[in-house]
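Trainee: Task: produce atomic coordinates for the following.
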Amino acid sequence: MTESSDLQTERSAKTRQILGMKGADVKESSIWKIRLQLMKPITWIPLMWGILCGAASSGNYHWVLEDGLKSAACMLLAGPLLTGYTQIMNDYYDREIDAINEPYRPIPSGAIPLNQVVVQIWLLLFSGVGLAYVLDRWAGHEFPTITVLAIVGSFLSYIYSAPPLKLKQNGWLGCYALGASYIAIPWWTGHALFGELNPTIIVLTLFYSFSGLGIAIVNDFKSVEGDKALGLKSLPVMFGVTTAAWICVAMIDIFQAGVAGYLMAIHQNLMATLLILLIIPQITFQDMYFLRDPIQNDVKYQASAQPFLVFGMLVTALALGHAAV
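Mentor: Numbering: from 1, shown residues only. I've put the predicted structure just below:
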């Protein structure tokens, strides 16, 4: 019985490690699994979901094979390619911090040479921009909107992680840049693939990205020790763990409520109500887990509460798509 339990624990740890989740200190010898771990597949999901939201908000997605293939290719762009690029580059520039906070990660542990890490970064970047151009051609764009978004998003990811700007050194600016990368940019990309990107979608998703700022703050709690040691001004370092936790949950809830108010203003009352109903369990899990111990419960909180945020995004997108028709 003990051996079976130990085997299950080891398998669970290996799965967590490959997905790029916190706390999986397992030795891995396969270079391909190490490369996949660097790309943190668990982080692809919000970006891929953002593509779906953009397709829905366009009001022009149809359940036909071609549209399905377009959206699948766009999710490949947003997830494995450009989010993978972002995660590896972030690990590359954060290797000193990770040596303190997560020394078992592939780079600080020496599981993969730095020159191979750099090659993987460039391969993912060029593959992503190349696929973005293909999608522009497929969508019949005269102006390469998706390619520009891919380049801008990639550059934003670079200045977020790399000196001299290293936006993540600034708690507010860095978290908002991350929030916009997770909500606004993939949403714009999916919308542009099936419709015309317009000021309403741009402004509303940038507003929505303040909720993403709250989600980005959650990721900073696990790195407090290393951030303090290296002088990075994350919000938990600047305000303390308790105050930063309250800021985090307030950003997530207040700006979603603001989006619900907008949906009411455009007479999408049913969708606005659904969005509000999705905020309620978020608040419950915030009280149960996050506000009580944000460092120990960050993963548990995200697993329980974040699905309500992403479903709220889809509800908003469907409302906007319905209003556009």
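Trainee: What helix or strand is residue 123 located in?
Mentor: helix 114-139 (DSSP states H and E).
Trainee: Report all helices and strands that the helix or strand following that helix contacts.
Mentor: Using DSSP H and E, the helix or strand that follows helix 114-139 towards the C-terminus is helix 145-161. With contacts taken as 3 or more C-beta pairs under 8 Å, 6 or more residues apart in numbering; DSSP states H and E, helix 145-161 sits against helix 84-93, helix 114-139, helix 171-182, helix 184-194. Heads up, the C-betas are built off the backbone N, CA and C, glycines and all.
Trainee: which secondary structure elements does whichever helix or strand comes after the shortest one contact?
Mentor: What it means is helix 84-93. Using DSSP H and E, the next helix or strand after helix 84-93 towards the C-terminus is helix 95-101. Using 3+ C-beta pairs under 8 Å, 6+ apart as the contact test, the elements touching helix 95-101 are helix 224-230.
Trainee: What are the contacting residues of the helix or strand following the helix it packs on?
Mentor: Downstream of helix 224-230, the next assigned helix or strand under DSSP H and E is helix 235-239. Residues outside helix 235-239 that contact it (C-beta atoms under 8 Å, 6 or more residues apart in numbering): 171-172, 175, 217, 220-221, 224, 227-228, 244-245, 247-248, 294.
Trainee: on that earlier part again, looking at the helices and strands packed on helix 145-161, which is buried most?
Mentor: Comparing these by mean neighbour count (mean count of other C-beta atoms under 10 Å), helix 184-194 ranks first with a mean of 27.
Trainee: of the contacts of helix 235-239, buried ones?
Mentor: Buried subset of these (neighbour count, 16 or more other C-beta atoms under 10 Å): 171, 175, 217, 220, 221, 224, 227, 244, 245, 247, 248, 294.
Trainee: Let me know whether the second one touches residue 210 as I believe.
Mentor: No: the pair residue 175 and residue 210 fails to qualify as a contact (C-beta atoms under 8 Å) at a distance of 9.5 Å.
Trainee: and of the contacts of helix 235-239, the nearest to residue 99?
Mentor: Residue 99 lies nearest to residue 227 out of the contacts of helix 235-239, by C-beta to C-beta, at 13.0 Å.
Trainee: Roughly how far does the nearest residue to residue 230 once chain neighbours are set aside sit from residue 105?
Mentor: Leaving aside its chain neighbours, residue 230 sits nearest to residue 97 (5.8 Å; criterion: C-beta to C-beta, 6 or more residues apart in numbering). Per C-beta to C-beta, to the nearest Å, residue 97 is found 10 Å from residue 105.
Trainee: Residue 99 too?
Mentor: Distance, residue 99 to residue 105, by C-beta to C-beta: 9 Å.
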